[in-house]
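1. the amino acid sequence is not available; the structure is as follows:
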């Protein structure tokens, strides 16, 4: 039987696994922050979620949008749009045989940029704070995609 | 040439492949349910989708939101937010050398929880049905991430 | 230490890497198109994004939705809903030992269908242009999932 653990023995793959787990956990955190704002702002979208506040009109008034909730949700969607390409392209990049130091540089910058992006979105910081942190993460993924296509190219 | 099939010979990886294919197919099913409700409720968002209903005002009235359509779409987005981390972290987990029985426990509980979540969202079941099924899936992914970080840690 | 590059030596895996990088880059392009329409249509969602247009009411009028922006965003979300299953199931499929020619057929049709889908959404083309390109990509992912489940099945 093949040893599935052999990939995890590779240092570049271990670095990929560490940073991917971190950014995916960061993305999952957005669900908890959304729930926190929904509960503290009393702003829900599903009627069954407001049942504990009473029946009829008294519960219906909590079916509303709240600026803070919507802000976290936009941050969450932006994570999906950017972290999904990182996870997919990053896996292929990690398997394309990069130097460990180069790979670490990519993974660290991306992870730092996405954490900054979340703070920039939620505080919120004045622009171009959010825009720049987005662009840095985007560029790192683009750079990894270039290496993948150069190494693997088979159309 | 390397045998790409060697990973698929590993039992933990086979279990991961099976459950990942199942939850991703379940997520894809949400597109069909959305289309079903859009057509039966006659609630569309793109003007070109209502062209077959005639021109001008007679078609325009079908450009509207419908509670059932929006409900399925929220379930679909919740799948993306939770199944993407499962697929990414689950792959790393499967490669981190867990016991087959422990891995199966994780994959089965997650898959069951997400199927329950879909039913809880679409029927809908009273809370905390949906909330609990969400929390169970979330916790399983968290548990796998812990194992990945413990095994692979290289920052 | 294991050679992580051995997977990338496999031709099916190289084809998977090439097409996955292409479709993920295509998906990332949607962010740039959204930004382009937000700036040219002056339609923003975050107050901090309109600060450069002045203060108070003069900036507030740019916090609005625009049909072109919303259209690109729907295309982007549709990409997430369809490209995520392709990337996840496609990886398992590439590792399940398919013939190179069969694998290439799947990857090429999916990639072509998703590029067509984007054009059909953004131009927009009359239906069933967008619907058909969506269905073709969906079917390819379904076909790969069938092969994965047949090869890997361990429940």
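-> That came through, no problem. Just so you know, these numbers come straight off a predicted model, no measurement behind them.

2. helices along chain A, start to end?
-> If you assign secondary structure with DSSP state H, the helices in chain A sit at A:6-9, A:11-40, A:57-60, A:67-94, A:100-122, A:129-152.

3. chain center to the third one, what's the gap?
-> Translated: helix A:57-60. With Cα atoms, centre = their mean, to the nearest Å as the basis, helix A:57-60 stands 35 Å off its chain's centre.

4. quick one: buried residues of that helix?
-> Taking 16 or more other Cβ atoms under 10 Å in any protein chain shown as the neighbour-count basis, helix A:57-60 is seen to contain the buried residues residue A:59. Glycine gets a C-beta too; all of them are placed from N, C-alpha and C.

5. pLDDT weak spots in chain A?
-> Counting by pLDDT under 70, chain A shows low-confidence ranges at A:1-5.

6. hmm, back to that, now, of the helices of chain A, which is deepest in the fold?
-> Among these, the stretch with the highest mean neighbour count (mean count of other Cβ atoms under 10 Å in any protein chain shown) is helix A:67-94, at a mean of 22.

7. that one vs helix B:67-94, what angle?
-> On the basis of axes from the mean of the first three to the mean of the last three Cα atoms, to 10 degrees, helix A:67-94 is oriented at 40 degrees to helix B:67-94.

8. what is helix A:67-94 packed up against?
-> With contacts defined as 3 or more Cβ pairs under 8 Å, 6 or more residues apart in numbering or on different chains; DSSP states H and E, the secondary structure elements packing on helix A:67-94 are helix A:11-40, helix A:100-122, helix A:129-152, helix B:67-94, helix C:11-40, helix C:67-94.

9. dump the ones you listed into a markdown table; add distance to residue C:61 as well.
-> As requested, the helices and strands packed on helix A:67-94 are exported to a markdown table (distance: least, Cβ to Cβ, whole Å):
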| stretch | distance to residue C:61 |
| --- | --- |
| helix A:11-40 | 27 |
| helix A:100-122 | 23 |
| helix A:129-152 | 21 |
| helix B:67-94 | 28 |
| helix C:11-40 | 14 |
| helix C:67-94 | 15 |
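
10. what about stretch A:31-40, distance to the chain center?
-> The offset between the C-alpha centroid of stretch A:31-40 and the centroid of the whole chain comes to 17 Å, using Cα atoms, centre = their mean.

11. residues in contact with that stretch?
-> A:43-44, A:49, A:66, A:68-69, A:72-73, A:76, A:122, B:81-82, B:138 (Cβ atoms under 8 Å, 6 or more residues apart in numbering or on different chains).

12. next one: stretch A:102-114
-> Contacts for stretch A:102-114 (Cβ under 8 Å, 6+ apart): A:12, A:15-16, A:18-19, A:22-23, A:26, A:79, A:82-83, A:86, A:90, A:93-94, A:98, A:133-134, A:136-137, A:140-141, A:143-144.

13. list the contacts for residue A:149?
-> Counting by Cβ under 8 Å, 6+ apart, residue A:149 touches C:18, C:21-22.

14. can you lay out those residues as JSON lines showing distance to chain A?
-> Output for the contacts of residue A:149, formatted as JSON lines (distance: Cβ to the nearest Cβ, whole Å):
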{"residue": "C:18", "distance to chain A": "5"}
{"residue": "C:21", "distance to chain A": "5"}
{"residue": "C:22", "distance to chain A": "8"}
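
15. export those to JSON lines and tack on distance to residue B:34?
-> As requested, these are exported to JSON lines (distance: Cβ to Cβ, whole Å):
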{"residue": "C:18", "distance to residue B:34": "31"}
{"residue": "C:21", "distance to residue B:34": "29"}
{"residue": "C:22", "distance to residue B:34": "26"}
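
16. residue A:127: which of these is nearest?
-> Nearest to residue A:127 among the contacts of residue A:149 is residue C:21, at 30.2 Å by Cβ to Cβ.

17. contacting residues for the closest one?
-> For residue C:21, the contacting residues are A:89, A:92, A:145, A:148-149, A:152, taking Cβ under 8 Å, 6+ apart as the criterion.

18. swap in residue A:8?
-> Counting by Cβ under 8 Å, 6+ apart, residue A:8 makes contact with A:14, A:17, B:92, B:95-97, B:151-152.

19. same deal with residue A:50?
-> Contact analysis of residue A:50 by Cβ under 8 Å, 6+ apart lists A:44, A:59-60, A:62-63.

20. got CSV for those, with distance to residue C:31 too?
-> Supplementary listing: those in CSV, determined by distance: Cβ to Cβ, whole Å:
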residue, distance to residue C:31
A:44, 29
A:59, 38
A:60, 37
A:62, 33
A:63, 31
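
21. and the furthest pair within these?
-> Of all the pairs that the contacts of residue A:50 form, the one spanning the most space (Cβ to Cβ) is A:44 and A:60, at 10.2 Å.

22. about what we covered before: so which of the helices and strands packed on helix A:67-94 is nearest residue A:55?
-> helix B:67-94 (18.4 Å).

23. mind checking how far the closest one is from the chain centre?
-> 4 Å.

24. what angle sits between it and helix B:11-40?
-> Calculated by the same axes, to 10 degrees, helix B:67-94 forms an angle of 170 degrees with helix B:11-40.

25. from residue A:101, how far out is residue A:9?
-> The gap separating residue A:9 from residue A:101 is 19 Å, by Cβ to Cβ, to the nearest Å.

26. repeat that for residue A:145.
-> Plainly put, residue A:145 is 19 Å away from residue A:101 if you go by Cβ to Cβ.
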